[in-house]
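[1] Following is a predicted model, sequence given first.
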Amino acid sequence: MDYHLDIPNFSNRCRLFPLPGLVLLPHALLPLHIFESRYRQMTRDALDGDQLIAMVQIRPARPDSPWTEPVPIMDVACLGRIVRHERLPDGRFNILLLGCKRLGLVREFPTDKDYRVAEARIIEDVETPEPTPARRRVLIERFRAVCERRQPLDVDLVQLLESPIRLGSLADVIAHALGLPPMLKQGLLAEPSVAARLTVLESVLERLVEKPPSPPDFPPPFSLN
């Protein structure tokens, strides 16, 4: 299915969904089961409005630190759009969220909602000149070598890799599909420079080609845009 990342209805205010150890990237599809009361309210409001929710990682706490609300969160989130949902009879939801844009969180403000709301600004990619065809080819070949050790790539992903996809999009697709550790993914989410993200991914792929990881679900779902 072809999903689009356009968010014409974004008002620079976003509903926050903080989760520990989870980072959404643009182009990624994230299935979520919504069961907490505050996030049921958040989902209802999103479905009745702009369909948008900002996924943000909770800052890792020290082992001796108690869990207190509101939990501290990262400064950069990913704005996602609900592209599919199922409303369950007891009020819970199953939703599919498409990562659309990087967001810099400016400030939170008081609200009568049970969930948190923040002012945010969209972080656009800082583009870089197209690398030489050889460098782009090596990046894709290493990515495929790592993935295909576990299972064949699906047809949509192969078509995407063979298309003239923009470098920023390519970097996000690869970073998502590799199943990287959350803090590394957070660093890539917070990095607007496409060149910097590509350099990190080239280094990661070089190491993975020699010693690949073994996550249980590899690669995770992605969207073709």
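    Thanks, I have it. From a predicted model like this one, the values you see are computed outputs, not experimental measurements.
[2] Tell me which stretches of this protein form helices.
    37-48, 133-148, 155-162, 167-177, 182-189, 194-210 (DSSP state H).
[3] out of the ones you listed, nearest to Pro70?
    helix 37-48 (11.2 Å; CB to CB). In short, each C-beta sits where N, CA and C put it, glycine included.
[4] Which elements pack onto that closest one?
    Packing partners of helix 37-48 (3 or more CB pairs under 8 Å, 6 or more residues apart in numbering; DSSP states H and E): strand 13-19, strand 29-34, strand 52-57, strand 76-87, strand 93-108.
[5] what's the nearest residue to Leu167 if we skip its chain neighbours?
    Closest residue in space to Leu167, ignoring its immediate chain neighbours: Val194 at 5.0 Å, by CB to CB, 6 or more residues apart in numbering.
[6] surely the one you found meets Asp172?
    No: counting by CB atoms under 8 Å, Val194 does not reach Asp172; the two are 9.5 Å apart.
[7] picking up where we left off before, CSV for the helices and strands packed on helix 37-48, including mean neighbour count, distance to Arg121 and mean pLDDT?
    Shown next, in CSV, are the helices and strands packed on helix 37-48 (neighbours: other CB atoms under 10 Å; distance: least, CB to CB, whole Å; pLDDT from 0 to 100):
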stretch, mean neighbour count, distance to Arg121, mean pLDDT
strand 13-19, 21, 10, 97
strand 29-34, 18, 22, 95
strand 52-57, 25, 12, 98
strand 76-87, 20, 10, 97
strand 93-108, 20, 5, 97
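[8] CSV please, covering those and showing distance to Glu69.
    Listed next are the helices and strands packed on helix 37-48 as CSV, based on distance: least, CB to CB, whole Å:
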stretch, distance to Glu69
strand 13-19, 10
strand 29-34, 18
strand 52-57, 15
strand 76-87, 18
strand 93-108, 13
